[in-house]
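okay, here's the prediction I keep looking at, along with the sequence it came from:
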Amino acid sequence: MLNLVSSWESIPAQPSKQHRIIAAIDLGTNSLHMVVVKIDPTLPAFSIIAREKETVRLGDRNLTTGELKPEIIEKAIAALGRFQEVAKTINAETIIAVATSAVREAPNGKDFLHTIETELGLSVNLISGQEEARRIYLGVLSGMEFNNQPHMIIDIGGGSTELILGDSQQARTLTSTKVGAVRLTSELITTDPISNNEFQYLQAYAHGMLERSVEEILANLEFGESPRLVGTSGTIETLAMIHAREKSGVIPSTLNGYQFSFKDLQELVNRLRKLSNSERADIPGMPEKRSEVIFAGAVILQEAMTLLGSESVTVCERSLREGVIVDWMLTHGLIEDKLRYQSSVRERNVLKLADKYHINLEYSDRVAKFAESLFDQTQGTLHHWGSDERQMLWAAAILHNCGHYISHSSHHKHSYYLIRNGELLGYTETEIEIIANLARYHRKSPPKKKHENYQSLLTKEQRQIVSQLSAILRLAVALDRRQIGAIVQVQCEYYPQLNQVNLLIFPTQLDDDCDLELWSLNYKKGVFEEEFGVKLVASLERSSIPNLS
């Protein structure tokens with residue numbers, strides 16, 4: 001079994017008598033991949049028990065519209081169905097699936113994910129480029145010891161390349177650039193073998209596109225640091241395999257930790273450029289269909305290493321899929337050692353965004369506590385949402401007023417825009433959409449079908465989360481109308497036979513009538529009443545404060 005990282009302290013978390021089996025699927029631009037792992041929650045550690053791959057080429061989109069092609073969608077759904085069967089056979093308790101650049105950029109990408117959910121019952125999370133980079137970082141951390149030294153990571157995908165700078169504790173830089181092996185092959189290469197003109201343009205294009213990411217990496221290096229470059233993904237593994245076979249005559253049993261030099265890479269690029277596609281396919285060890293895109297991928301690696309000044313690259317076989325597993329373990333409390341810092345990534349990024357837009361955190365924190373209290377007290381009676389929805393409500397409550405950064409007028413609409421485009425790490429695109437919508441509806445009009453932002457929510461469940469939790473957020477905002485912490489606590493009493501909720505309000509100062517808060521509650525309660533089908537009666541209590549814990 002492979003420990004997450006061999007030297008990590010092993011603190012038992014949630015002891016379990018049996019191992020847990022989890023599957024992770026990555027819908028990449030070039031291929032669909034699945035890894036099935038067995039987790040030992042007492043270590044914590046995981047070992048890979050199955051791998052599946054299907055070259056589908058989601059990145060081969062309609063040249064005119066940019067949409068995913070119907071025949072490729074069909075092929076992808078068939079492959080995912082097979083993956084599900086394999087996971088089921090191995091008794092996987094859950095499948096976590098993520099989609100990256102090809103689906104992100106396709107106008108019909110979200111419809112494709114909706115079709116997958118409808119036909120297969122499989123929920124696929126769309127993640128941003130930065131979030132993809134964060135999970136790649138987690139995957140590499142799980143398979144390689146960093147010894148608290150900074151490392152640069154490069155992952156060359158079909159549609160994008162992620163460049164990351166991190167050490168054992170945190171990722172200092174997470175970048176994603178729209179250069180990938182499939183993208184550059186389809187957009188820039190028309191000759192076979194490649195002509196000199198196209199080769200030079202390919203190099204210049206990759207170089208120019210990677211410059212900004214490399215600048216970010218180098219800007220976050222401290223004086224005297226010379227980090228090792230780690231490479232992940234099919235392109236780099238294939239290059240390592242060809243290199244190993246030619247240098248030693250054998251392919252090592254594992255490529256993890258295998259190293260090759262920049263000089264060797266340059267020689268390989270110069271050889272590959274002279275070969276036709278069919279000649280590259282005949283190279284011993286060349287995986288099926290990789291020959292079509294390997295050259296563009298090798299050029300991307302060459303230009304990245306040139307810009308970074310790296311003399312060699314070390315292969316890591318773990319990447320996005322394994323990072324998805326680690327992220328799942330973090331969110332389910334199965335890792336309580338040196339990755340503890342990573343487990344709070346959502347909270348830290350919400351607070352970072354709050355700081356960026358000069359939010360009054362003392363006020364927002366009170367609103368968040370009211371929202372969570374109302375959520376908890378009505379859970380199981382008025383609604384049945386769980387910890388994930390509660391966490392999104394918290395994020396929306398903290399950020400609901402960030403739109404003031406742009407303008408007071410229509411600030412709720414500005415909040416939606418700032419959250420939607422704020423690169424909240426740790427969240428999927430759907431979760432960010434929900435948080436942004438919750439903040440959007442903390443005041444003024446309730447959600448309406450004609451609103452464009454509300455239409456962005458693809459499923460009935462997602463719309464229901466926004467409708468119900470934004471109604472709760474409205475009440476939470478009303479409870480601190482003067483933004484002075486006039487109310488210390490609220491207590492909900494639900495009378496199902498009357499369809500009535502009594503809201504008992506406990507003032508911080510016993511002589512404070514909280515008139516403005518009560519007025520605001522009565523003004524805003526209509527949305528809550530309509531959404532939950534109850535009557536809300538708010539009253540001020542001057543008796544001792546109850547213990548609701």
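Structure received.

could you identify the helix or strand that succeeds the lowest-mean-pLDDT helix or strand in the chain?
Sorting the helices and strands of the chain by mean pLDDT, DSSP states H and E puts helix 340-343 at the bottom, at a mean of 56. Remark: after helix 340-343, the chain's next helix or strand is helix 345-356, criterion DSSP states H and E.

in that next one, which residues are buried?
In terms of neighbour count (16 or more other CB atoms under 10 Å), helix 345-356 has its buried residues at V345, R346, N349, V350, L351, L353, A354. In short, each C-beta sits where N, CA and C put it, glycine included.

how about stretch 530-541?
Within stretch 530-541, the residues scored as buried using 16+ other CB under 10 Å are E531, F532, V534, L536, V537, A538.

same deal with stretch 416-430?
Under 16+ other CB under 10 Å, the buried positions of stretch 416-430 are Y416, L418, I419, R420, G422, L424, L425, G426, Y427, T428, E429, T430.

point out where this structure drops to low pLDDT.
Within the chain, the set of residues satisfying pLDDT under 70 comprises 1-18, 43-44, 336-343, 544-546, 548-549.

would you map the strands across it?
20-27, 31-40, 45-55, 94-99, 124-126, 151-156, 161-166, 171-177, 228-232, 259-261, 312-315, 487-495, 500-507, 535-540 (DSSP state E).

who's in contact with the longest helix along the chain?
Counting residues, the longest helix found in the chain (DSSP state H) is helix 196-219. Helix 196-219 has contacts (CB atoms under 8 Å, 6 or more residues apart in numbering) with 152, 161, 163-165, 173, 175-179, 184, 188-191, 194, 273, 296, 299-300, 302-304, 306-308.

from these, which would you call buried?
The neighbour-count test (16+ other CB under 10 Å) marks 152, 161, 163-165, 173, 175-177, 179, 184, 188-189, 194, 273, 296, 299-300, 302-304, 306-308 as buried among the contacts of helix 196-219.

ok so, going back, including distance to Q468, could the buried residues of stretch 416-430 go into JSON lines?
Listed next are the buried residues of stretch 416-430 as JSON lines, based on distance: CB to CB, whole Å:
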{"residue": "Y416", "distance to Q468": "18"}
{"residue": "L418", "distance to Q468": "23"}
{"residue": "I419", "distance to Q468": "19"}
{"residue": "R420", "distance to Q468": "20"}
{"residue": "G422", "distance to Q468": "23"}
{"residue": "L424", "distance to Q468": "21"}
{"residue": "L425", "distance to Q468": "26"}
{"residue": "G426", "distance to Q468": "23"}
{"residue": "Y427", "distance to Q468": "19"}
{"residue": "T428", "distance to Q468": "20"}
{"residue": "E429", "distance to Q468": "21"}
{"residue": "T430", "distance to Q468": "17"}
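
among those residues, which lie within helices?
Y416, L418, I419, R420, E429, T430.

dump the residue contacts of F223.
If you count contacts by CB under 8 Å, 6+ apart, F223 has none.

so it versus A50, what's the distance?
Distance from F223 to A50, counting by CB to CB, to the nearest Å: 45 Å.

please enumerate the helices of the stretch 51-200 of the chain.
70-89, 101-105, 109-120, 129-143, 181-188, 196-219 (DSSP state H, counting those that start in this stretch).

so which of those helices comes closest to R245?
The closest of these to R245 is helix 181-188. By CB to CB, the value is 20.2 Å.

from the contact counts, what lies against that closest one?
Packed against helix 181-188 by the contact rule (3 or more CB pairs under 8 Å, 6 or more residues apart in numbering; DSSP states H and E) you find helix 196-219, helix 294-308.

ok, the closest residue to L382 other than its chain neighbours - contacts?
Closest residue in space to L382, ignoring its immediate chain neighbours: F532 at 4.8 Å, by CB to CB, 6 or more residues apart in numbering. Neighbouring residues of F532 by CB under 8 Å, 6+ apart: T378, L382, H383, Q468, A471, V501.

I419 now?
I419 makes contacts with L353, A396, L399, C402, I432, I435, A436, A439, as judged by CB under 8 Å, 6+ apart.

what about the residues you listed, which are in helices?
Here DSSP H is the test, and the contacts of I419 give L353, A396, L399, I432, I435, A436, A439 as lying in helices.

so the third one touches A354, yeah?
This means L399. Yes. Under the criterion of CB atoms under 8 Å, L399 makes contact with A354 at 6.1 Å.

list residues touching both of these two?
Counting by CB under 8 Å, 6+ apart, the residues touching both L399 and A354 are S364.

which one of the ones in helices among the contacts of I419 is nearest I136?
Distance ranking of these against I136, using CB to CB, places I432 first at 18.9 Å.

could you report the neighbour count for the closest one?
I432 has 23 neighbouring residues, counting by other CB atoms under 10 Å.

over to L218?
Neighbours of L218 using other CB under 10 Å come to 14.

now L126. Nearest residue, chain neighbours left out?
Closest residue to L126 apart from its sequence neighbours, by CB to CB, 6+ apart: E429 at 4.1 Å.

my read: the one you found touches S128, true?
Yes. Using CB under 8 Å, E429 is in contact with S128, at 6.3 Å.

any common contacting residues for these two?
Overlap of the contact sets of E429 and S128 (by CB under 8 Å, 6+ apart) consists of R104.

what residues sit buried inside stretch 72-92?
Quick answer for stretch 72-92 (16+ other CB under 10 Å): I72, I73, K75, A76, I77, A79, L80, F83, Q84, A87, A92.

all set, thanks.
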